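Q: Sequence and predicted structure are below.
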Amino acid sequence: MPFKPQGAPEARFLKHWYHIYQQKQSGDRLSRGLHKTIRAPSNLWFRHKIAKKLQKITQMIKDIPERNQRYGVGLTGGATTFEDSQKPGQNQAEYSFSITEEELVGIEGKKQILMGWLMDEEQHQTVISVVGMGGSGKTTLAAKIFNNERVQRHFNCYAWITVSETYVTEDLFRSLIKELHKSKKEDIPPDLNAMNRTDLRDVLVNYLESKRYLIVLDDVWNIEVWKEVRIALHDKGLGSRIILTTRKEDIASYFGVKGHVHHIQPLKRYEAWELFSQKAFSSNHNKACPSELESLAWELVEKCEGLPLAIVALGGVMSSKKSPDEWQRVLKSINWHLNNNSLLDPVKTLLLLSYNDLPSQLKHCFLYCSLLPEDYLIQRKRLIKLWIAEGFVERANGVTPEEVAGGYLLELCFRSMLQVAMRNGEGRPKKVKMHDLLRELALSISEKEKFGLVYDGRQAMEEITTRRLSIHTTSDGGEIKSGPGMSNIRSLLVFPTYMSSMCFSNELLSRFKSLRTLDLEDVQIDKLPDAVVYLFNLRYLSLRGCSLIKELPESIGRLRNLQFLNIRNTKIESLPQGIAKLLNLRHLIMYRQTGNFQVFEYEVGTKAPSSICQLQKLQCLITIESDGDTVRLIGNLTQLTTIGISNLKETDEIDLWVSIKKLTLLQALALQASNEEEFLPVKAECPPLPYLQKLYLTGRLQKVVPWFSSLHSLTYLQLHWSRLEDDVLPHIEELPNLTKLNLSNAYVGEELCFRRGFVKLVTLQLSISGSLKKIAMEKGAMPNLRELWVESCMELKALPLGLEYLSNLQTLGLKDVPMEIINPIRKGGADRKNVQHIPEIRHVFQQSSSGSTKTCPSISFSRKNHSSLRRTY
């Protein structure tokens, strides 16, 4: 018999009396006045009746948990009200228990990994965390393991608890006690409801004293849950296990005891297709997709990006649709179906749970990401700057806005709201993206809340009522038309790279009076529109990749609130005097890359007036060309954390190091000589640089820099065109935090040997050497190396020796090396045994004149240019 809330009649009673009261309050002004004076006692009576009924209903709600316990109505995991029992987490758990083996796809390998951890010989209590975004199959995987007979026989008792977001510790303890007793078919202790937290904990501790137990805490949202439950789960060395499923990386990684973390990966392409076919074509012979629907079906599957719940739900939607026209309509309106099709409610509900759990500032940051194009990879630093310019980032004493925003990004990644597409050498996210379905949800919320609008050219741009506009295309590729509401826009992001200056009329831009961010990255305009300098509120201006722009106007100084200016890879060779008026400028990025990393001058700086050194808030300045007093005055910019200087000469040495000594916050330093024959001015004693993480030196070095070994915080070292005669490796092998090393025409010797050290090195790139004949690695050196590239070393006589010692190596890249190195590592070759442990071996080469590309087993041949020199500020 279904549970029926007894408060329903009282609710109807309350509604009835409130309706009568409202009627008595309505009427003309005179009658309302008479009621206030003549009928005041009656009004008080109505209010008193309502208050009494409210008190009664409130008490009944409070009594529901006790009544549930008394009559055995199963609310698990701390659900304390009837409404809580309807939570999607509980429904999802019940669904996961009911899935048959035939319906499971892509789960077997994951299941074996977790069962191995559950039943290994480790006797200490172990926590196994399963982490992934909502709908990724965490609960399904855990349920199949929990219900496995072999697993249940292995443990003396077991319990499954679905944890609500608003859990109550006492209820968690009660549920655990009940489930553990049920697993052994024992009577549940009496008077559980009367026990306080201490009593309940003691019951748990005593019951588990001599038992090997398995406990599953499903859908944990708060680290406090584990902290509080752990008090009652003592480690008696009996091999007990705890499985915890969560969407949050920080919860998954927090143990305090021995543990494992299993990250749920998206289904592979063929697995996703199999699962979708089971649902969408269940009535077809062999569940086969009709040929006329195949291309559309694949597009829908790709939309789900391997998310099982989404694949199942979307497959259910499509199972009733037979014609290509019906499939095409769904494909074009995924957003609408996500909001209006009841079959997709489970997907929407789970995704909304993750969104609703976000703090308010993170909600803004998350919604902002939906303004980017679908599957767009955005750099961490670009996103952080946009968030700061928008005002999303809270101020914190002693912490920069960039650091706070970086924390926001990590939190969104930990919560599986953003996906890490690429990491830097230190393991931090470098590029992130948004899952397609999360983006559709965010777009829907953005539109409803008037947060932002994406214009994709499918319809005319009518009145704009949102604060942010992201243009992904124009309907005719022409001028962006001005429309009502433009004056309310705070952020304008433009992504069609084919757009020209004609698309941005001064009349249009003059309408954006409240604009704070203007991002025109890679848009091919040849001139900054005059109206831009009158956007007084502008905080962020990016012209990066606008390769036709040759200058900034003198009037750029009008933008007194500008904090971020990026003119990287434009044709701007010098900045106007007006740049010195931008007193709030924090980041100025202005270097140009030539596109040819095989030459000395692969990167060029920009000239700037010496008065730029008056901008006291500058934190990032790359790359400024040394001219006149520039090097001496840079020391005035004491807030700098990143500085790049080009066109340096030996005579600059004294001024350079006097200035660097004043830059006590420096984290990244790039120095480039004036030409390939000029010696870099780095012989002087280096001042302490305790925070320096990245060092780029471009130019000749007379000898190995003696202060290399003092850079204990250094994570990335790049030496380009150093042409050292002495071996640099002994001087840097003990650097404790070095994760990436790039040596490009840095050494003119014939042999390079890594004998020891480099304990944290992850990426090694060796390139452009006309004399190097031998590369060797001794056992114990570079134990954590994952990526090795050897490029443009045509004198090499053999493959690097000692590759068999690099047990963690994932990628070996070989570009422009002799073919006698390649042939021995083919299948059956003499050196094959030394590389067979490496998952990916890439040989990058120029395509033959015939246009054909040869392949061989275990070696991926590519015609791509591998750029070994990458500036990552």
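A: Cool, the structure landed. Treat the numbers as computed from the prediction; the structure is a model and nothing was measured. Residues are numbered from 1 along each chain as shown.
Q: Let's verify residue 374: helix, strand, or coil?
A: Under DSSP: H, G, I helix; E, B strand; the rest coil, residue 374 falls in the coil class.
Q: these two touch, right, it and residue 436?
A: Yes - between residue 374 and residue 436 there is a contact under C-beta atoms under 8 Å: 6.2 Å. C-beta: built from backbone N, CA, C; applies to glycine.
Q: Give the residues shared as contacts by those two.
A: Residues touching both residue 374 and residue 436 (C-beta atoms under 8 Å, 6 or more residues apart in numbering): none.
Q: just to confirm, which helix or strand has the closest residue to residue 192 other than its chain neighbours in it?
A: Nearest residue to residue 192 in three dimensions, chain neighbours excluded: residue 174, at 5.1 Å (C-beta to C-beta, 6 or more residues apart in numbering). Counting by DSSP states H and E, the element that carries residue 174 is helix 169-183.
Q: which residues touch whichever helix or strand comes after that helix?
A: Downstream of helix 169-183, the first helix or strand assigned by DSSP H and E is helix 197-207. Applying C-beta under 8 Å, 6+ apart, the external contacts of helix 197-207 come out as 169-170, 173-174, 176-177, 180-181, 189, 192, 195, 231-234.
Q: Just the buried ones from those?
A: Neighbour-count burial (16 or more other C-beta atoms under 10 Å) applied to the contacts of helix 197-207 gives 169-170, 173-174, 176-177, 180-181, 192, 195, 232-233.
Q: Just the strands from the stretch 101-250 of the chain, written as ranges.
A: Ranges of strands within the stretch 101-250 of the chain are 126-131, 157-162, 213-220, 241-246, based on DSSP state E, counting those that start in this stretch.
Q: quick one: the helices in the stretch 451-600 of the chain?
A: Ranges of helices within the stretch 451-600 of the chain are 506-510, based on DSSP state H, counting those that start in this stretch.
Q: which intervals of the stretch 151-300 of the chain have sub-threshold pLDDT?
A: 164-166, 255-257 (pLDDT under 70).
Q: change it to 80
A: Flagging of the stretch 151-300 of the chain using pLDDT under 80 yields the residue ranges 164-167, 249-258, 279, 282-283.
Q: Kindly confirm my reading that residue 793 is in a strand.
A: No - per three-state DSSP, residue 793 lies outside any strand segment and is coil.
Q: so it makes contact with residue 817?
A: Yes - taking contacts as C-beta under 8 Å, residue 793 lies within contact range of residue 817: 5.8 Å.
Q: More neighbours: which of the two?
A: Between residue 793 and residue 817, residue 793 has the larger neighbour count (other C-beta atoms under 10 Å), namely 23 against 20.
Q: what's that one in contact with, if anything?
A: Counting by C-beta under 8 Å, 6+ apart, residue 793 has contacts 766-769, 772, 816-817.
Q: Which one of the strands of the stretch 101-250 of the chain lies nearest to residue 151?
A: strand 213-220 (7.0 Å; C-beta to C-beta).
Q: residues in contact with the closest one?
A: With C-beta under 8 Å, 6+ apart as the test, strand 213-220 has contacts from 77, 89, 92-93, 118, 138-139, 142, 146, 151-152, 154-163, 176, 180, 225-226, 229, 233, 240-248, 251.
Q: neighbouring strands for it, and are they parallel or not?
A: Sheet pairing for strand 213-220, assigned by DSSP bridges, gives strand 157-162 (parallel), strand 241-246 (parallel).
Q: how much does the first one deviate in direction from helix 197-207?
A: Following axes from the mean of the first three to the mean of the last three C-alpha atoms, to 10 degrees, one obtains 140 degrees for the angle between strand 157-162 and helix 197-207.
Q: quick one: strand 157-162 to chain centroid distance?
A: Centroid displacement of strand 157-162 relative to its chain, using C-alpha atoms, centre = their mean, to the nearest Å, is 32 Å.
Q: got it, and the last one?
A: Here the centre of strand 241-246 is set off from its chain's centre by 23 Å, with C-alpha atoms, centre = their mean.
Q: In CSV, could you pull the C-alpha coordinates for that strand?
A: Presented in CSV, the C-alpha positions along strand 241-246 are these (Å, rounded to 0.1, in the frame of the first residue of the first chain):
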residue,chain,number,x,y,z
ARG,A,241,35.7,-2.3,2.3
ILE,A,242,33.7,0.9,1.7
ILE,A,243,32.5,2.0,-1.8
LEU,A,244,31.7,5.6,-2.2
THR,A,245,30.1,7.0,-5.4
THR,A,246,30.3,10.8,-6.1
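Q: just use 771 as the starting number from now, easier for me
A: Noted, 771 is the first residue going forward, which turns the last one into strand 1011-1016.
Q: so that strand versus strand 896-901, what angle?
A: 20 degrees.
Q: And the next helix or strand past the strand or helix carrying residue 1175?
A: Using DSSP H and E, residue 1175 maps to helix 1171-1184. Counting by DSSP H and E, the next helix or strand C-terminal to helix 1171-1184 is strand 1189-1193.
Q: helices or strands next to that next one in the packing?
A: strand 1199-1203 (3 or more C-beta pairs under 8 Å, 6 or more residues apart in numbering; DSSP states H and E).
Q: and the strand it packs on, what other elements does it pack with?
A: If contacts are counted by 3+ C-beta pairs under 8 Å, 6+ apart, strand 1199-1203 sits against strand 1148-1149, helix 1150-1160, helix 1171-1184, strand 1189-1193.
Q: Any idea which of those gets closest to residue 1442?
A: helix 1150-1160 (21.2 Å).
Q: Can you show me the CA trace of the closest one as CSV?
A: The C-alpha trace of helix 1150-1160 is given here as CSV (Å, rounded to 0.1, in the frame of the first residue of the first chain):
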residue,chain,number,x,y,z
ARG,A,1150,42.2,27.9,-18.6
LYS,A,1151,43.9,31.3,-18.5
ARG,A,1152,41.6,32.8,-21.0
LEU,A,1153,38.5,31.6,-19.1
ILE,A,1154,39.8,32.9,-15.8
LYS,A,1155,40.4,36.4,-17.3
LEU,A,1156,36.9,36.5,-18.7
TRP,A,1157,35.4,35.5,-15.4
ILE,A,1158,37.4,38.2,-13.6
ALA,A,1159,36.4,40.9,-16.1
GLU,A,1160,32.8,39.9,-15.7
